[in-house]
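>>> Sharing a model that was predicted from the sequence below.
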Amino acid sequence: MPENTPLNQKFVDAYNKMLERLHVAMDEVGHHARPDFREQLRQAAEKASELGELGREEAHEIAGYLQRDIHDAAQWLAENGDELKFWLRFDIELVESRLFNAMNSVADKTRLELKKLEEQAGLTGEWKTGEISGIGTLVCKNCGELLHFHTSGHIPPCPKCHGTAFKRASHSAD
């Protein structure tokens, strides 16, 4: 993993906080109507910017990482009908429970909106070194090495081949 510099940690913390805000907002809206994931994510990013946690561009970038991860988890749930713990590809006991619960809740609500999400630009299914990933397992596209994220964090170069492009392990052939 890359060094935990204050700037790197700021972005990881912002990702986690945005996920938690999204979870709360979608739960609140969910009692009254079907939550709109994109709108709730936009509001979570705006809140981060308004509170001075991130600049507007930084908030947009972190929201993009979060959208990609939620989309991937929701797609897994829709296609496989399995629990999110199987998407992670490792023991959920290693994951911080609040992150897992937030990701699971938002992904479950989001699978209803997959059609809309897939139409948005930028959802390529590729993760790159330097970006932030949520919990789960990534596979190096160059050598197949697995990177396990038990908490949100910056994606490092592949420890085996120094590759910089990854995909979710849940979508690779078993």
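Yes, it's here. Numbers count the residues shown, from 1 in each chain.
>>> measure Gln43 to Leu22 for me?
Shown here: Gln43 relative to Leu22, a distance of 9 Å by C-beta to C-beta, to the nearest Å. Backbone N, C-alpha and C define where each C-beta goes, glycine included.
>>> ok, the two, which is more surrounded?
Leu22 (27 against 16; other C-beta atoms under 10 Å).
>>> does the more buried one count as helix, strand or coil?
helix (DSSP: H, G, I helix; E, B strand; the rest coil).
>>> How about the contacts made by the nearest residue to it once chain neighbours are set aside?
Leaving aside its sequence neighbours, Leu22 sits nearest to Ala44 (C-beta to C-beta, 6 or more residues apart in numbering; 4.8 Å). Contacts here follow C-beta atoms under 8 Å, 6 or more residues apart in numbering; on that basis Ala44 touches Met18, Arg21, Leu22, Ala25, Ala63.
>>> Going by neighbour count, which residues of the helix or strand containing Ala44 are buried?
Assigned by DSSP states H and E, Ala44 belongs to helix 37-50. Residues of helix 37-50 classed as buried: Phe37, Gln40, Leu41, Gln43, Ala44, Ala45, Lys47, Ala48, Ser49 (neighbour count, 16 or more other C-beta atoms under 10 Å).
>>> now swap in stretch 133-147 and tell me
Buried-residue list, stretch 133-147, by 16+ other C-beta under 10 Å: Ser133, Gly134, Ile135, Gly136, Thr137, Leu138, Val139, Cys140, Lys141, Leu147.
>>> What about Asp72, how many residues nearby?
Neighbours of Asp72 using other C-beta under 10 Å come to 22.
>>> Please identify the helix or strand for it.
helix 56-80.
>>> C-alpha coordinates for the helix holding Ala44, CSV please?
Below are the C-alpha coordinates for helix 37-50, written out as CSV (Å, rounded to 0.1, in the frame of the first residue of the first chain):
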residue,chain,number,x,y,z
PHE,A,37,-28.4,6.8,-6.0
ARG,A,38,-26.9,9.4,-8.4
GLU,A,39,-28.7,12.2,-6.7
GLN,A,40,-27.7,11.0,-3.2
LEU,A,41,-24.1,10.6,-4.3
ARG,A,42,-24.1,14.1,-5.8
GLN,A,43,-25.4,15.5,-2.5
ALA,A,44,-22.8,13.6,-0.5
ALA,A,45,-20.0,15.0,-2.7
GLU,A,46,-21.5,18.5,-2.4
LYS,A,47,-21.6,18.2,1.4
ALA,A,48,-17.9,17.2,1.5
SER,A,49,-17.1,20.3,-0.6
GLU,A,50,-19.4,22.6,1.4
